[in-house]
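**Student:** Sequence and predicted structure are below.
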Amino acid sequence: MKEEFLKLLRQVKREGIEELIQFLEKSDFFKAPASTRFHGDHEGGLVEHSLKVYEILKHKVENNIKGITIGEDSIIIIGLLHDICKTNFYKIDYRNAKNALGVWEKVPYYTIEDTIPYGHGEKSVMMISEYIKLSPEEKYAIRWHMGYTEPKELYNNIGAAYTKYPICLLTHEADLEATYLYNI
């Protein structure tokens, strides 16, 4: 999956893309889970989830009835990097659990160690922007990809973003589908 991810990302012809790729390769991005227990909670889950979101988002853009158009570079950036904030975010810890024989043993599990507490979508935008310039549509789609799982005080902002840039809504839908239909 790493090779497929990098091949897609290298199609983006923007200044700083190779530096962004170098950052990802030096990080835990390709081994990290997508979550601690909700979806993709296994080694490599984050890259698997990101590729699935890209695949679904690409299909949604190509087949939407409203005629939403956005460039392939944007679809790649949004789909593959929407959860870059999860890079160097999960750590393995251990807890006691009974095995199949009823014997207690230490088992690994993922826990969160957020060294950059800057939110979720906004943190991804910030991290990507350290390497490449993002368009407004890309910033909004990545920022608001969590949709109405955000605090209710932000619902008006989310609705306004979805109206201004419909790619935001398609991104949220793609993320939900990858999570709940594919469990990755």
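**Tutor:** Happy to help now that I have it. The structure displayed is predicted, hence computed values, not measured ones.
**Student:** mind listing what the helix or strand of the chain with the lowest mean pLDDT pairs with, with the direction of each?
**Tutor:** Between all helices and strands in the chain, the lowest mean by mean pLDDT, DSSP states H and E belongs to strand 104-112, at a mean of 86. Applying DSSP bridges, strand 104-112 is found paired with strand 90-98 (antiparallel).
**Student:** Run the angle between the helix ranked longest in the chain and strand 104-112 for me.
**Tutor:** With DSSP state H setting the assignment, residue counts place helix 45-63 as the longest helix in the chain. Comparing the axes of helix 45-63 and strand 104-112 via axes from the mean of the first three to the mean of the last three Cα atoms, to 10 degrees yields an angle of 50 degrees.
**Student:** next helix or strand past helix 45-63?
**Tutor:** Sequence order places helix 72-81 as the next helix or strand after helix 45-63, per DSSP states H and E.
**Student:** Go through that following helix and flag the buried ones.
**Tutor:** The neighbour-count check on helix 72-81 (16 or more other Cβ atoms under 10 Å) flags D73, S74, I75, I76, I77, I78, G79, L80, L81 as buried. Glycine gets a C-beta too; all of them are placed from N, C-alpha and C.
**Student:** That helix packs against which elements?
**Tutor:** Counting by 3 or more Cβ pairs under 8 Å, 6 or more residues apart in numbering; DSSP states H and E, the packing neighbours recorded for helix 72-81 are helix 2-9, helix 45-63, helix 121-129, helix 136-143, helix 167-180.
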